[in-house]
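J.: What follows is a predicted structure for the sequence shown.
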Amino acid sequence: MTWTAADIPDLNGKVAVVTGANSGLGLETTKALAGAGAHVVMAARNQEKAAAARSEILANYPDASLEIVELDLGSFDSTKGAAAGIAANHPKVDILVNNAGLMAMPEQRTADGYEMQFGVNHLGHWLLTAGLLEPLLRADGARVVTVTSTAHLTGRAIDPDNVNMDDSYSAWGAYGRAKLANFHFALGLQREFDDRGLKTLSLSAHPGLSHTNLQVNTVDQGGGGRSGPFWAWMARHTGMPAEKGALSQLRAATDPDAKGGEFYGPRWGNNGAPVRKPILRRDIDDGIEKLWLVSERETGVTFDFDSAMERT
C-alpha cells in the first residue's frame, strides 16, 4: 500500500520544528505538517526566503500556523540561541525534522572553524537537538527525524584525530562523511532513548534523488567537482519533485506505525513511495562511539537527560 501525504494523521495541537524550512524538502515538509494542523516553527538562515516560503504556504493553507526562527547551523551561537528561543516559547515539541544541509561544497569552515559540511549537517543539528531535549521529552512520544542520504553508504566515520579532514578534503568525501554522521546520530540517539525507557523516538530518512535547489546551489558555488553538473542534470530530468522526495521524512515523522531506529527512503532507492529501509552498515557501534566523542568534545554540549527528565 502506497503512503502519501494524505496518510498524515491529524496534527492539531502538535508543535513541529523543521530546519531549512524555506526551500526544497524543508518547505514541502513544512507545508504538509502545517496542512495537517501542526504549528510549525520554520527554522532557517535566510529570513527573506523564509518569509517568502511562509507566504507560499499560507496561499495554499490560509489557516496554517507558522512561526519563523532565525537559525544558522554553521554558528554555535546562532544554533544555541535558536534552540533556547524555541524551548522558551514551546514547552513541548512533538516533531523535530533535522532537514537542512549542504552537499559537496568546496572546502570551507563554519563560524567556529569546523569543516562546513560536517559542521552544518551534523554539529549544528547536534546542538539544536540537545537544546530542545527538554521540550521533546515533555511531549507524549515526540519524534526526531534526521535526514541523511544514500551517500552515507560511501562515507567514512568521523576520525576523532582529524575532524576537519586536514590535507585529505574532498567535496564528495566530506558529504558522505556528514551524511553518515546523520545516520549514526539518529541511531545513537534512539539508543539513548531506549537506555532510559523513554517514549521519544529517533528515526532517519533519505529523499532519494529529488529535484530541489540542493544540486543547483552546489554547482553555483563551485562544488561537486566534475560530477556536480551531471547530478544537477540527473535531478532535474529524472529526480522526484520535492513534494515526493519529502515523503520519506514525513512518514518517519508522522506514521503511527513507525518505530524508533527505523530508516525510511524511496522504495526503489532513488525513486518511489516511502518505505522502511534496511540498516546496511556494519560499523555502526564504532561510528556512533566516535561521533558522540567528537560531538561532545567539539561543541562542549552533552545530552543532559538527567536534568531534562527532572524538569519534565
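T.: Ah, there it is.

J.: what sits against the closest residue to residue 165 other than its chain neighbours?
T.: Spatial nearest neighbour of residue 165, excluding adjacent residues (CB to CB, 6 or more residues apart in numbering): residue 115 at 5.6 Å. (Each C-beta comes from the backbone N, C-alpha and C, glycine too.) By CB atoms under 8 Å, 6 or more residues apart in numbering, the contact set of residue 115 is 107, 108, 109, 163, 164, 165, 169, 174.

J.: Apply 10 Å and report the result again.
T.: 105, 107-109, 123, 162-166, 169, 174, 177-178 (CB atoms under 10 Å, 6 or more residues apart in numbering).

J.: How many neighbouring residues does residue 164 have?
T.: Using other CB atoms under 10 Å, residue 164 has 19 other residues around it.

J.: now do residue 169
T.: Residue 169: 14 neighbours (other CB under 10 Å).

J.: Quick check: it touching residue 175?
T.: No: assessed by CB atoms under 10 Å, residue 169 is found out of contact with residue 175, at 11.0 Å.

J.: can you list residues touching both of the two?
T.: Residues touching both residue 169 and residue 175 by CB under 10 Å, 6+ apart: residue 117.

J.: Can you tell me which of the contacts of residue 115 is closest to residue 65?
T.: residue 123 (29.9 Å; CB to CB).

J.: partners of the most centrally placed residue in the chain in the sheet?
T.: In the chain, the centroid-proximal residue (CA atoms, centre = their mean) is residue 98; its distance is 2.3 Å. Using DSSP bridges, the bridge partners assigned to residue 98 are residue 146.

J.: what's the answer for residue 266, then?
T.: Beta-bridge partners of residue 266, as defined by DSSP bridges: residue 274.

J.: ok, it to residue 2 distance?
T.: 11 Å (CB to CB, to the nearest Å).

J.: So these two - more neighbours on which side?
T.: A side-by-side neighbour count of residue 266 and residue 2, using other CB under 10 Å, places residue 266 first with 24 against 10.

J.: count of neighbours near the nearest residue to residue 175 once chain neighbours are set aside?
T.: Nearest non-adjacent residue to residue 175, counting by CB to CB, 6+ apart: residue 104, 4.7 Å away. Residues lying near residue 104 (other CB under 10 Å) number 25.

J.: I'd guessed residue 104 sits against residue 151; true?
T.: Yes: counting by CB under 10 Å, residue 104 does reach residue 151; the two are 8.8 Å apart.
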